[in-house]
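Student: Here is a sequence with its predicted model. Questions after.
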Amino acid sequence: MTMRPLIAGNWKMNLDRAAGTTLARELAGAVASASAFEMVVCPPAPYLLAVAEELAGSPVALGGQDCHTAASGAHTGDVSAPMLSDLGCTYVIVGHSERRADHGETDAVVRAKAEAARAAGLVPIVCVGETEAQRDAGTTLDIVGRQVVDSVPDGLDGATLVVAYEPVWAIGTGRTPTVDDVAAVHAHIRGVLSAKTADAAAVRILYGGSVKSSNAVELLAVANVDGALVGGASLKTADFLAIARSV
Ligand code: PEP
C-alpha cells in the first residue's frame, strides 16, 4: 500500500443509541493516533451527535451514510452535507448500492451528492460495484468503469476523494471475489481515475463486501486496495478492530 489505509465502518440502519455509543467509546479507546490505518465510523444519522461526543479527542473519524444534493431546502427526511459537517463528520458515503437500489440513485445523482459533500468540506466515499448478473455476463470492468466515470466528480485528489469497490453480490452474503478479481477491478478503477484527476495514485480505493477478520489480511494485501468498507463486521468492536489491525 502506498498511502495510509482507511478502514470505514458502515453501520447501516443498525444498533441503537446505547449500542452505538458503546461501540464508538470502545473504538475511541483502542485506536491510537499513530496507527497504521485511519478509521471512520458511519452511524445512522439520528446517532451522529451522540457518537461524535464519544469520538471527541480520538483519531476515529465520523462519517454520514448519505447526503442530499442540496445544502438545504424542502426535502423532508433528508440530511444535507453541511449538516453532517456541522455535527463533526469528515466523510460521507455516497452511492452505496443499497441507496442506488432502494432509492433509485443514478450515477448523476451520486455525482451531485459527492459534489455537495465536497462543497461542505467532506470527503465523499463514492461506492461502485457490479451486480451478480453483470458479473456473470462478464461486464464487471465495463460497469464499474462507467460508474466511476459518471459518479466521481472531476478534479478531486487523494485528500478529497475515496472510492469504494463493493460488488453488490458480495455485500452481506459472506461471498467475496478472488484476490485476482479484486486486483483487476481496483487496477481498472485506478486507471479510470487517472483520466479524472492528476492525483489518481493517491486516491484511496477501498474494497467492500463481506470483509471479516478472517479474510481482511488477504484482501488488504491486494495491489491497489487501500482500505476496506465494512458493514456487518463493523458492528462489533473486536471484529472491526481485528480488521483494522490486519493493515
Ligand atoms: C457494505 O454494505 O458496505 C458492506 C461492505 O457490507 P458487508 O461488510 O456486511 O458485506
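Tutor: Alright, I've got the coordinates.

Student: Can you report how many residues lie near the residue in the chain positioned nearest to the ligand?
Tutor: In the chain, the residue that lies nearest the ligand is residue 231 (2.2 Å; CB to the nearest ligand atom). Every C-beta, even on glycine, is put in place using the N, C-alpha and C of the backbone. Residue 231 has 22 neighbours, counted by other CB atoms under 10 Å.

Student: residues in contact with it?
Tutor: 10, 12, 171-172, 208 (CB atoms under 8 Å, 6 or more residues apart in numbering).

Student: Spatially, which two of those are the most separated?
Tutor: 12 and 208 (11.9 Å; CB to CB).

Student: So the two - more neighbours on which side?
Tutor: Legend: neighbour count by other CB under 10 Å for residue 12 and residue 208, higher for residue 208 (25 against 19).

Student: State the pLDDT value of the more buried one.
Tutor: Per-residue pLDDT puts residue 208 at 98.

Student: For it, give its distance to residue 33.
Tutor: Counting by CB to CB, to the nearest Å, the separation of residue 208 from residue 33 is 25 Å.

Student: Same question for residue 186.
Tutor: Separation of residue 186 from residue 33 (CB to CB): 28 Å.

Student: Looking at these two, which is more packed in?
Tutor: Set side by side, residue 186 and residue 33 show more neighbours around residue 186, with 21 against 6, by other CB under 10 Å.

Student: Run a quick check on the more buried one versus residue 166, I expect a contact.
Tutor: No. Using CB atoms under 8 Å, residue 186 is not in contact with residue 166, being 11.9 Å away.

Student: joint contacts of the two?
Tutor: Residues touching both residue 186 and residue 166 (CB under 8 Å, 6+ apart) are residue 207.

Student: Can you say which of the contacts of residue 231 are also within reach of the ligand?
Tutor: 10, 171-172, 208 (CB under 6 Å from any ligand atom).

Student: Write the PyMOL selection for whichever of the residues you listed are buried.
Tutor: Buried members of these, defined by 16 or more other CB atoms under 10 Å, are picked up in PyMOL with:
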select buried, resi 10+171+208
